[in-house]
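Student: Test case, fold it:
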Amino acid sequence: MTRPELLSLILRLRLQKSSFPAEKKDWYGRAAQALCLSAIKQASSAELSARLHSPNQIRPYTVSNLMPDTDDVRSQASDPTCFLRFTALNQEVSAAMLAAIADDGPLAVEQTLNLSGMHLQIIDVAINPDQHPWAGVSTYEQIRDQVRLSSHHQPLPIRFEYYSPTHFKTTIPKSGSAVPLPHLVFGSLYSRWQRYAGIEMPASLQDFILTSVKLEEFDLRTKEIDTGRFPRIGSLGWCCYSTSDWRSPCWTALRMLAAFAQYAGVGKETAVGFGQAFAEQLIAR
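Tutor: Have a look, this model is predicted:
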């Protein structure tokens with residue numbers, strides 16, 4: 001297989017009972033980011049880890065919050081089995097993450113992680129969807145080709161599931177939005193695709209999003225997260241986006257971006273747990 005540009009890595013974890021926290025936190029996003037970058041430093045290079053942590057960039061990776069390992073990943077589980085998900089958007093970061101899960105790597109099975117004082121043993125690692133539905137390995141060309149060849153070239157909406165609070169930057173200084181409007185969702189994905197994919201999108205794509213894509217149905221709730229700095233408010237739930245011009249090449253391009261969301265996340269601060277999002281019925285597996 002071609003060296004993967006896109007990676008979604010699942011670490012299944014068991015909380016060691018001797019390290020149960022006195023008070024469980026809602027949010028471990030920054031601690032998970034620190035753990036991910038530390039593993040990359042050990043398995044690859046300190047220079048890459050520092051570069052990934054530098055501010056003011058479109059980051060080529062995402063990190064999840066600590067998630068319950070249940071059939072419904074949105075439920076609140078008391079089971080001490082849980083998981084973290086790390087994703088990569090280019091070959092360099094994918095290679096570093098794969099090195100970290102190799103034998104004796106810092107993220108290999110049976111290693112113990114320290115997440116804000118909790119000791120978590122890695123009991124399994126997944127990179128393929130048959131191991132975990134959130135796992136995956138791909139390239140930008142594969143996403144493009146699979147969407148083009150998919151049998152779903154019909155007027156089906158694009159349905160997104162937002163599994164962690166998702167929020168967006170707005171044009172108003174020091175403000176944001178928790179409403180996943182089409183131009184915010186697809187604009188977020190488009191900027192990441194443009195930065196890392198090397199595959200051009202239609203020149204009229206942004207105009208198409210503004211004029212021809214609508215938020216059709218949704219079931220959303222908001223959640224406030226105290227990150228230790230200042231609160232963020234993000235959306236959880238699902239949305240359907242539709243168009244009457246579904247034969248347009250721009251709609252196919254949006255389906256590519258939606259498939260890309262599995263790796264890229266949606267919205268702001270995806271490197272610290274926000275914007276874990278997936279689109280349904282886009283690529284025939």
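Student: Quick check: the residue nearest to Ser45 when sequence neighbours are not counted vs Leu220, distance?
Tutor: Here the nearest residue to Ser45 in space, its sequence neighbours aside, is Ala96; by Cβ to Cβ, 6 or more residues apart in numbering that works out to 7.8 Å. From N, CA and C alone the C-beta is placed, and that goes for glycine too. Ala96 sits 35 Å away from Leu220, taking Cβ to Cβ, to the nearest Å as the criterion.
Student: These two: who's more crowded?
Tutor: Here Ala96 and Leu220 are compared on neighbour count by other Cβ atoms under 10 Å; more neighbours surround Ala96, at 24 against 16.
Student: I'd like the next helix or strand past the host helix or strand of the more buried one.
Tutor: When secondary structure is defined using DSSP states H and E, the element that contains Ala96 is helix 91-101. Stepping forward along the backbone from helix 91-101, the first helix or strand reached (DSSP H and E) is strand 112-115.
Student: which helices and strands sit right next to that following strand?
Tutor: Judged by 3 or more Cβ pairs under 8 Å, 6 or more residues apart in numbering; DSSP states H and E, the packing partners of strand 112-115 are helix 29-43, strand 118-126.
Student: Dump the ones you listed to TSV, plus mean neighbour count and mean pLDDT.
Tutor: TSV is the format used below for the helices and strands packed on strand 112-115 (neighbours: other Cβ atoms under 10 Å; pLDDT from 0 to 100):
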stretch	mean neighbour count	mean pLDDT
helix 29-43	22	97
strand 118-126	18	95
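Student: for the ones you listed, which one sits closest to Gly267?
Tutor: Of all these, the one in closest proximity to Gly267, counting by Cβ to Cβ, is helix 29-43 (13.1 Å).
Student: The closest one: what's the following helix or strand?
Tutor: Secondary structure here is assigned by DSSP H and E; on that basis, the next helix or strand after helix 29-43 toward the C-terminus is helix 46-53.
Student: Could you check the angle that next one makes with helix 91-101?
Tutor: Comparing the axes of helix 46-53 and helix 91-101 via axes from the mean of the first three to the mean of the last three Cα atoms, to 10 degrees yields an angle of 120 degrees.
Student: Extract the residue ranges of the stretch 51-200 of the chain that are flagged as low pLDDT.
Tutor: Screening the stretch 51-200 of the chain residue by residue with the criterion pLDDT under 70, one finds the ranges 70-80, 151-155, 171-176.
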